[in-house]
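S.K.: With the sequence up front, the predicted model follows.
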Amino acid sequence: MKNNLLKLVLLSIILGFSSVKSFALEYIISFASDDLLIEIDSVKVTNLSKSTTVTVPKAYSLKLSDVGTGLNNLNSYQNSIFVYSNQSTSQITAKIIAPYTGKALIAIYSIDGKKQTEINSNLQVGENTYQISVPVGSYILKVYGNEYSLQTKFVNLKEHVNYTKIEDIATAISQDTKTSQKAKTALYTSMYFENGDQLQYQVFSGISSVISYDTPTISNNYLIHVIVCIDGSGNGYPTVSINGKKWMAENLRTTRYSDIKRTNIMTNPDSIFGDIQWRETSIPAYCYYNNDPTTAKKYGILYNQLAIYSIVLDSTKNICPKGYRIPTMQEWNQLSAYLNGSAKSIASKTGWGFSLTYGHVGNNVNSNNSTGFSAYPSGWRQGAYGNFEPEGTVAYFWTPFSAIYTSAAIYYNKMGIYSESHLPQAGLPCRCVKD
């Protein structure tokens, strides 16, 4: 009789999973281009508050939920969570089979959507085991990782003080027929989200992309203005909008001007300058940091002032992508004023030397780069000697030709954006701003 009663209670709980009203948060975010001739290929969404990332494919919407009610049907993994009783204590044992190594959020919710437990952890690919305390009741165990989501349902029937019985009801990862049918009309990529979380959207169209930020409070349809930013070598760049100006969000890495003929920046772009040849060159020139071409994507390319100055001599020879130019020091000062004198919001989260002083770029680097500008301390090349200076301490950016050859400078052990003078033979990175 007791066993029959227990089965009846368990059956009622199982049925309750589908009938209990959930008060969980859920927002649907969709993306479309404001230009009918431009298509959005995908959107990379990063929850900056949770350090998680998902990719929303073409024609999909983003589903934000604080209990993960919608699973990402592109990144689902079957039979990847197992829940067991622990007879010596009142805790459960959760075994999580992670498809990737990285940060993940492990959370347990009651069936009315209330969060019971939350664990931030670095999962290793393969099996990960956790001991978790939960009261008597019915629960959903969720795992939100980078590019994947997992979940399972279980009932905790505590039979005496030191014994917890776990009935593993079902995993919710595999797609049933109804889910597949719904996907034909509504396609979603899901992400764990709580009110107040800040999201970064990087919208891709071809080789161009645009970065923006959002803290959603409702479902929304976004019309994205995709800005084409392609240099003379055919490289595409992400862009960010700060105080009404459109900036490249990566360092320039072209070896050709963006004129009609795509003129080479120097006569022999495949040669590697030695220190002496670099400091004595009298032509527009570029080089890779430490003469290593693999650094171009991360650091950009280093240019001498003659490469920047060429547009003064020939207005068709713009080193920046068409529609863009080298920003003046006045524009860097305006940017600094808009940022209240702090460069942390445009400095990258990685690469900087450490500073103990609050407000310095190298202090608490996790708070850097709230704008997505991603200024990186990529190192530079001396004009007087031609040698390379180490990365990690400063990010230089050429400004246009003037009586004094200047750059905008961001230091790891300082707060703001500064003006520095250089010899014209110096090799510095470039950022461009839209006209």
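M.R.: Right, received. Where do you want to start?
S.K.: model confidence over stretch 80-98, on average?
M.R.: Mean pLDDT, stretch 80-98: 76.
S.K.: no no, stretch 326-339
M.R.: 96.
S.K.: Please apply the same query to stretch 188-200.
M.R.: Here stretch 188-200 scores 91 as its mean pLDDT.
S.K.: How far does that stretch sit from its chain's centre?
M.R.: Between the centre of stretch 188-200 and the centre of its chain there are 13 Å (C-alpha atoms, centre = their mean, to the nearest Å).
S.K.: Can you spell out which helices and strands pack onto the one helix or strand Y144 maps to?
M.R.: Per DSSP states H and E: Y144 is located in strand 137-145. With contacts taken as 3 or more C-beta pairs under 8 Å, 6 or more residues apart in numbering; DSSP states H and E, strand 137-145 sits against helix 2-19, strand 81-85, strand 91-98, strand 102-110, strand 115-123, strand 148-160, strand 188-192. No exception for glycine: its C-beta is placed from N, CA and C like everyone else's.
S.K.: Note down every partner strand of that strand and its orientation.
M.R.: Strand pairing for strand 137-145, using DSSP bridges, gives strand 102-110 (antiparallel), strand 148-160 (antiparallel).
S.K.: Wait, a helix at V312?
M.R.: Yes - under DSSP: H, G, I helix; E, B strand; the rest coil, V312 falls within a helix.
S.K.: Now that it has come up, it's in contact with S402, right?
M.R.: No - checked against C-beta atoms under 8 Å, the pair V312 and S402 is beyond contact range at 10.1 Å.
S.K.: where does the stretch 301-435 of the chain dip in pLDDT?
M.R.: Scanning the stretch 301-435 of the chain for pLDDT under 70 picks out the ranges 403.
S.K.: Now for P377, how many residues are close by?
M.R.: Neighbours of P377 under the rule other C-beta atoms under 10 Å: 24.
S.K.: Locate it within the secondary structure: which element?
M.R.: If you go by DSSP H and E, P377 is not part of any helix or strand.
S.K.: I'd like the strands paired with strand 137-145 written out as TSV, with mean neighbour count, distance to S421 and mean pLDDT added.
M.R.: As requested, the strands paired with strand 137-145 are arranged in TSV below (neighbours: other C-beta atoms under 10 Å; distance: least, C-beta to C-beta, whole Å; pLDDT from 0 to 100):
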stretch	mean neighbour count	distance to S421	mean pLDDT
strand 102-110	20	43	84
strand 148-160	20	50	71
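S.K.: Now the ones you listed in JSON lines, please, with extra columns for distance to G236.
M.R.: Output for these, formatted as JSON lines (distance: least, C-beta to C-beta, whole Å):
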{"stretch": "strand 102-110", "distance to G236": "27"}
{"stretch": "strand 148-160", "distance to G236": "28"}
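S.K.: With respect to A249, which of these lies nearest?
M.R.: Nearest to A249, of all these, is strand 102-110, at 23.1 Å by C-beta to C-beta.
S.K.: Run the angle between the closest one and strand 188-192 for me.
M.R.: Put simply, strand 102-110 runs at 90 degrees to strand 188-192, going by axes from the mean of the first three to the mean of the last three C-alpha atoms, to 10 degrees.
S.K.: Alpha carbons only: can I get strand 102-110 in CSV?
M.R.: Extracted C-alpha coordinates of strand 102-110, given in CSV (Å, rounded to 0.1, in the frame of the first residue of the first chain):
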residue,chain,number,x,y,z
GLY,A,102,35.2,26.2,-20.2
LYS,A,103,33.1,28.3,-17.9
ALA,A,104,29.5,27.0,-17.1
LEU,A,105,26.6,27.9,-14.9
ILE,A,106,25.0,25.0,-13.0
ALA,A,107,21.6,25.8,-11.6
ILE,A,108,18.7,23.9,-9.9
TYR,A,109,15.1,25.3,-10.2
SER,A,110,11.9,24.2,-8.6
